[in-house]
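Engineer: what follows is a predicted protein model with its sequence.
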Amino acid sequence: MQTIRLTMAQALLKYLDNQYIRVDGTERKFVKGVFGIFGHGNVTGIGEALENDRGSLTYYQGKNEQGMANAAIAFAKQNNRTEIFACTSSIGPGALNMVTAAGTATVNRIPVLLLPGDIFASRQPDPVLQQIENPSDYTISANDAFKPVSKYWDRITRPEQLITALTNAMRVLTDPVDTGAVTLALPQDVQTEAYDYPAAFFRKRVHDVERAAPNKETVARAVELIRGKKKPLIIAGGGVHYSQAAESLKAFAEAFHIPVAETQAGKSALPWDHPLNIGAVGVTGSLAGNLLAKEADLIIGIGTRLADFPTSSKTAFQNPDVDFLSINVSKFDAYKMDAKRIVADAKEALPVLAEALKQAGYRSGYEAGHIETLKKQWDEEVDRYYSAENPDGLAQTRVLGEINRFIDEQDIIICAAGSMPGDLQRLWRSKVPKTYHMEYGFSCMGYEVSGALGVKMAEPDKEVYALVGDGSYLMLHSELVTSIQEGYKINVLLLDNNGFQCIHNLQRGQGSQGFGNEFRYRSRETGRLTGDYVQIDYAGHARSQGAVGYTVRTLEQLHSALADAKQQQVSTLIDIKVLPGTCTTGYESWWRLGVAEVSESEDVQAAYRQMQDKVQSARVL
């Protein structure tokens, strides 16, 4: 048997450089490169291997471990999971900084390969710098924290273990059902140990992603279910994008005159002005979407796991005869809401189901003009938000409207947390698939700037805009520097409303007077954060890092900044000062929260009673 003597780290890179993925006959290189921040746990192992590697993997220097992993996640998401990055860190705090990103990847079913350094497998020396010691179990290190947020976890304590570990890693990373974060903990001594690896281990491997075809019996049962329903409603999730089924969805909806509502992950699957696209549904839903959900007698979920936001915590569907049909490649997701199910790829399943329904002569039973009327009313409501004047300053919803009108339909926006995801899901008008990139499975604050970098790396010829609040920006913005360093221009549109206003509004809606969520100075009188707002020059901060910065307080300044930013060759940040509390709310939506059962506040007591009353109307499934 022919062998190649390499260190474990060298073998790891050589293997990754020869992995390919094939979808619908199109072959692509799967691992595009490595994000990394070096420390004593990886610099002489993977660091040495990267420095002297003669393969095609590109190394990108991160500035924060969570940020670089977020960029890798966004890159994979934008590429429909057909290309990924690996991320390497040192041990201890460097490794733990990636745990949040691992959760983000796994919740959203996005592949990312995490390679944290680990303590010495030999346990000599011991303990080492940054080691966490567990006196009752000395096999535990900081990297065990990745276990609950990884789809596959392994620790390589001998160099030959890499062979089976990487086989399993690729199995998970290329699996449309069980993908997510894959964590391979790499002890720093083992990274540098040599082994005679079989040469065949490094041959080119092509991982075929096979589309799961629908079962005839389940399709027949689905047809029987749909035939008895007059008011079906489709909820399109992220799986529509990942299976590249946008055209199949459009054809299916048009064939049977079924309205389509969108989740955050599914938004942009249909153009906003398609007559059957009735917008968002659920907690951040449109009035049209939530009214149709309330009367629907069948919910057809396509590529969605029907989480609490699109279902309004299981209260959105009030028709006593409502049933659920789920088309999903994941059986685990398909079972949710006690749904009947077609466990299959959406692009495969929709044409088959459509043909069977056509043979059955099916068409929905909505009254003529009903869907169109609701859509027209909602479009007018969005127009109202987009043109509303506020004498006190810029309203968040007006700013979003101006941005939506300005950017090209091929430009891409990224968002993740705060009040903007709700406004964007309700109000943003997308014309082209994959131009709306929302991380809302984990709603990870700080994803936005690093996510914009990942998207720009995936779509270098498109203009990319990170829509971020001041709270999220302060949490994590370090990859703005990486975007400048690497020449990937991104545009950060920072809406400064002086705090965590989304949670401030949520808090006040449940009886609180507001506590701990605004960026205010501590008052000598109250002893609390009730003084004046803290004023921060975010544009100046961006300029100090090498970006072009703008400060905006008027619509005229906004228009000028957007136009100038588009002409720049370097990353930009537009600091837009908006009024707190100028976001959307309501529209037949509800979200279940834990409200204090006992409180000194009468308002909180009243909020608790209202919450409990609403809980009674939720479906128990």
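Structural biologist: Structure's in. What do you need? Numbers count the residues shown, from 1 in each chain.
Engineer: check which helix or strand covers residue 577.
Structural biologist: Residue 577 belongs to strand 572-577 when assigned by DSSP states H and E.
Engineer: what are the ranges of the helices in the stretch 251-400 of the chain?
Structural biologist: Ranges of helices in the stretch 251-400 of the chain, per DSSP state H, counting those that start in this stretch, are 287-295, 331-334, 346-359, 370-387, 396-406.
Engineer: which one of those helices lies nearest to residue 257?
Structural biologist: Evaluated over those, closeness to residue 257 peaks at helix 370-387, with 7.7 Å, by CB to CB. C-betas here are computed from N, CA, C, even on glycine.
Engineer: and for stretch 612-621, what's in contact with it?
Structural biologist: Outside stretch 612-621, the residues within contact range by CB atoms under 8 Å, 6 or more residues apart in numbering are 313-315, 317-318, 336-338, 590, 592.
Engineer: what about those, which are in strands?
Structural biologist: Among these, DSSP state E puts none in strands.
Engineer: check the residues you listed and tell me the two furthest apart.
Structural biologist: With CB to CB as the measure, no two of the contacts of stretch 612-621 lie farther apart than 338 and 590, at 20.4 Å.
Engineer: do you know how far the closest residue to residue 463 other than its chain neighbours is from residue 466?
Structural biologist: Take residue 463 and drop its neighbours on the chain: the residue closest to it by CB to CB, 6 or more residues apart in numbering is residue 411, 4.4 Å away. Counting by CB to CB, to the nearest Å, the gap from residue 411 to residue 466 is 12 Å.
Engineer: what do you get for residue 450?
Structural biologist: Distance, residue 450 to residue 466, using CB to CB: 9 Å.
Engineer: below-threshold pLDDT in the stretch 401-550 of the chain: ranges please.
Structural biologist: In the predicted model of the stretch 401-550 of the chain, no residue satisfies pLDDT under 70.
Engineer: show me what the helix or strand containing residue 27 is packed up against.
Structural biologist: Using DSSP H and E, residue 27 sits within strand 26-29. When contacts are defined as 3 or more CB pairs under 8 Å, 6 or more residues apart in numbering; DSSP states H and E, strand 26-29 packs onto strand 19-23.
Engineer: mind giving me the packing neighbours of the strand it packs on?
Structural biologist: On a contact count with 3+ CB pairs under 8 Å, 6+ apart, strand 19-23 meets strand 26-29, strand 205-209.
Engineer: spatially central residue in this structure, please.
Structural biologist: In the chain, the C-alpha nearest the mean C-alpha coordinate belongs to residue 439, at 2.1 Å (CA atoms, centre = their mean).
Engineer: nearest spatial neighbour of it, skipping sequence neighbours?
Structural biologist: Excluding the flanking residues, the one nearest residue 439 by CB to CB, 6+ apart is residue 416, at 4.2 Å.
Engineer: likewise residue 528?
Structural biologist: Spatially, and ignoring its direct neighbours in sequence, residue 528 is nearest to residue 522 (6.8 Å; CB to CB, 6+ apart).
Engineer: pretty sure the one you found contacts residue 534?
Structural biologist: No. Contact criterion CB atoms under 8 Å: residue 522 and residue 534 do not qualify, at 10.3 Å.
Engineer: quick one, which of the two is more surrounded?
Structural biologist: For residue 522 versus residue 534, neighbours defined as other CB atoms under 10 Å are more numerous around residue 534 (13 against 10).
Engineer: wait, the residue nearest to residue 463 sits on residue 459?
Structural biologist: No. Taking CB under 8 Å as the definition, residue 411 is not a contact partner of residue 459, at 9.6 Å.
Engineer: what's stretch 135-142 in contact with?
Structural biologist: Residues outside stretch 135-142 that contact it (CB under 8 Å, 6+ apart): 91-92, 95-96, 116, 118-119, 123, 130-132, 134, 185.
Engineer: and if we set it to 10 Å?
Structural biologist: With contact meaning CB atoms under 10 Å, 6 or more residues apart in numbering, stretch 135-142 is reached by 91-96, 99, 116-119, 123, 126-127, 130-134, 144, 155, 157, 185, 187.
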